Each structure stands twice: as C-alpha cells, then as structure tokens.
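> Have a look; sequence and predicted model below, questions after that.
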Amino acid sequence: MTLPPHPETRPLARGEGVALWRQIAQALEHAITSGQHPPGSRLPTEAELSARHGVNRHTVRRALDALSARGLIRIEQGRGSFVAEDVVDYPVGPRTRFSELIRAQNRDPAGRILHVGEQPADAAVAEALRLRPGRPVLVVERLGLADGRPVVVGTHHFVLPRFQQLPSALQQDGSITRALAACGVPDYRRVSTRLTARMPTAEEAEALQQNRNRPVMVAEALNSDPDGLPIDYTLSRYAAGRVQILIDGSGDSL
C-alpha cells in the first residue's frame with residue numbers, strides 16, 4: 001500500500017551527489033529541531049520512512065544510525081527510535097543514592113530487581129570486600145529507571161552471612177538503601193569509584209533498551225558502613241547517551 005505524502009517529507013534530490021540516507025537524516029534533524037518531534041517522542045518506523053521517501057529500509061536505517069551516533073535520537077531494541085531527551089545528571093560522591101539523585105531533578109525514579117542469587121567471590125570482589133576468594137557473596141542485579149527509561153544496570157555484591165536477609169527486604173520495593181536499613185545499616189558511604197567505558201554486552205543492551213553500537217559507562221564502586229567495613233561492591237553500567245557522571249568535589253568520592 002502506498003502512503004499519502006506526509007507534511008514532513010522533503011523530496012529527495014536523486015543523482016545530485018548527496019547520498020539519500022544523508023538527505024533523510026537531514027530531513028529528520030530539521031523535523032526534530034523545529035519541534036515537529038518533541039523530546040521523548042517516537043519517530044516514524046523504518047517501514048513508514050521507507051514508504052514516504054521511496055527508498056529501502058537499509059537506507060533509512062543508515063540515516064537513523066547517523067542521528068543516533070550524534071546523540072539526536074536513541075534506538076531502543078524492539079521499540080523503535082525516539083528523540084533524545086535531556087541527559088540525566090548523576091553526581092558521584094560519598095553518599096550516592098540513585099532515587100534521591102533522580103528525584104532531585106524532578107524525575108520519577110524506579111528500580112527493578114533482575115536477579116538475586118549467591119556465587120563465589122572472584123578475585124576483584126574478594127579483594128574489595130576483604131574476603132577469601134571463593135567465599136559466597138550475595139549478588140543482586142538491579143535496573144534503575146528515570147521517568148520509566150532505563151539508565152543503569154547495577155550488579156551488587158554483598159557480604160554473607162551478614163546480609164542473608166537482604167533478598168526478603170528487597171521484595172518490598174526494590175530499594176537497595178531501604179533494604180540495607182532493614183538489615184541494620186541505616187547509612188553507608190562511597191569509598192571509591194573507578195570509571196571506564198566500553199561497548200555493552202547483548203544482555204546489557206537489552207536491559208538498557210539501547211543499540212549495541214552505543215557505549216556504556218562502567219563504574220566500579222565500593223561502599224562501606226559507618227565503621228568502615230566494606231558491605232557492597234557494585235559494577236554499574238550506565239547508558240552513555242542518557243547519563244552524564246558528575247564528580248562530587250567533596251574529596252573522598254574518587
């Protein structure tokens with residue numbers, strides 16, 4: 001079925017030296033910057049754009065990939081393409097609390113527990129938590145969302161048997177902070193943070209609903225209780241196009 005002309009569609013100049021995919025990208029960029037597609041809105045599907053411009057879907061996909069690489073849109077696997085919203089500021093300091101930081105920016109925080117289980121501590125986890133390698137630790141994988149958008153996947157490693165009651169506490173609302181409080185740790189501090197970047201695994205890309213050609217920021221963090229005992233070694237992967245890490249200048253965050 002042939003779709004009727006769309007008001008956003010600009011005739012493509014064929015045979016004039018400008019690639020068709022680039023012209024489609026320019027037309028979409030104009031529609032975004034002029035407000036026809038507001039931040040967070042879903043763009044037309046590849047099939048719709050192909051029909052409107054009379055090109056194949058590979059050409060459209062190249063245009064969308066180019067816009068995604070520039071940060072103008074985000075491509076979510078299985079959901080489509082969306083105009084990029086404002087980036088979430090994520091300060092890293094001695095008291096880094098996901099929900100508090102997201103709520104402070106007038107956004108709605110949420111957490112979703114993806115996995116809870118025990119596993120032997122590898123060398124990095126054992127060193128951070130001051131354990132013998134191979135000792136069992138509690139592993140909690142949690143997805144953090146802001147306004148319903150996934151922004152971070154965190155894999156937490158907790159000391160056992162001290163936190164053996166943590167899984168039942170997490171069943172309440174998925175908050176790590178409140179679960180720790182229920183286990184007798186009402187406050188904790190960030191001891192260290194190490195930041196790197198890499199491409200996501202297939203599982204990480206699926207959880208964060210992002211394309212695998214977009215990087216993730218990786219934060220290795222260690223938290224301790226008020227007595228200085230390590231309680232949680234966390235490996236967090238942030239969607240780089242949605243979060244910018246801000247370093248708290250209080251002196252002991254890194």
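On my side now, so go ahead.

> where does Ser99 fall, phi/psi-wise?
Dihedral angles of Ser99 (phi, psi; degrees, to the nearest 10) stand at phi -60, psi -40.

> so what's it up against?
109, 111, 175, 177 (CB atoms under 8 Å, 6 or more residues apart in numbering). Heads up, the C-betas are built off the backbone N, CA and C, glycines and all.

> now swap in Val243 and tell me
Val243 neighbours (CB under 8 Å, 6+ apart): 87-88, 90, 151-152, 217.

> Can you name the residues bridging to it?
With DSSP bridges applied, the residues forming beta bridges to Val243 are Val88.

> per-residue confidence for it?
Listed pLDDT for Val243 reads 85.

> Quick check: it vs Ala124, distance?
23 Å (CB to CB, to the nearest Å).

> about what we covered before: mind putting the contacts of Val243 into CSV with neighbour count, pLDDT and distance to Pro161?
Below are the contacts of Val243 laid out as CSV (neighbours: other CB atoms under 10 Å; pLDDT from 0 to 100; distance: CB to CB, whole Å):
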residue, neighbour count, pLDDT, distance to Pro161
Val87, 14, 78, 40
Val88, 20, 83, 36
Tyr90, 23, 83, 32
Val151, 23, 91, 32
Val152, 25, 95, 28
Met217, 18, 93, 33
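
> Looking at those residues, which two lie furthest apart in space?
Using CB to CB, the pair of those lying farthest apart is Val87 and Val152, separated by 13.1 Å.

> In contact with the residue nearest to Gly40 when sequence neighbours are not counted: list those residues for me.
Distance criterion CB to CB, 6 or more residues apart in numbering; nearest residue to Gly40, sequence neighbours excluded, is Glu85 at 4.9 Å. By CB under 8 Å, 6+ apart, the contact set of Glu85 is 39-40, 149, 242.

> Poorly predicted segments of the stretch 1-150 of the chain, please.
Across the stretch 1-150 of the chain, the ranges flagged by pLDDT under 70 are 1-10, 15.

> what about the strands in it?
Listed in chain order, the strands of the stretch 1-150 of the chain (DSSP state E, counting those that start in this stretch) span 73-76, 80-83, 88-92, 109-120, 136-146, 149-159.

> Take those strands and write them to a markdown table, including distance to Asp65.
Output for the strands of the stretch 1-150 of the chain, formatted as a markdown table (distance: least, CB to CB, whole Å):
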| stretch | distance to Asp65 |
| --- | --- |
| strand 73-76 | 8 |
| strand 80-83 | 10 |
| strand 88-92 | 23 |
| strand 109-120 | 28 |
| strand 136-146 | 25 |
| strand 149-159 | 20 |
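
> what's the closest of these to Val55?
Using CB to CB, the strands of the stretch 1-150 of the chain put strand 80-83 closest to Val55, at 16.1 Å.

> In that closest one, which residues have enough neighbours to count as buried?
Using 16 or more other CB atoms under 10 Å as the test for burial, strand 80-83 gives 81-83.

> Which stretches in the protein count as helices?
Under the criterion DSSP state H, the chain contains helices at 20-33, 46-53, 57-69, 98-103, 123-129, 166-170, 176-182, 202-208.

> Format those helices as JSON lines; extra columns: distance to Ser192.
Compiled in JSON lines, those are given as follows (distance: least, CB to CB, whole Å):
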{"stretch": "helix 20-33", "distance to Ser192": "40"}
{"stretch": "helix 46-53", "distance to Ser192": "44"}
{"stretch": "helix 57-69", "distance to Ser192": "32"}
{"stretch": "helix 98-103", "distance to Ser192": "18"}
{"stretch": "helix 123-129", "distance to Ser192": "9"}
{"stretch": "helix 166-170", "distance to Ser192": "22"}
{"stretch": "helix 176-182", "distance to Ser192": "18"}
{"stretch": "helix 202-208", "distance to Ser192": "22"}
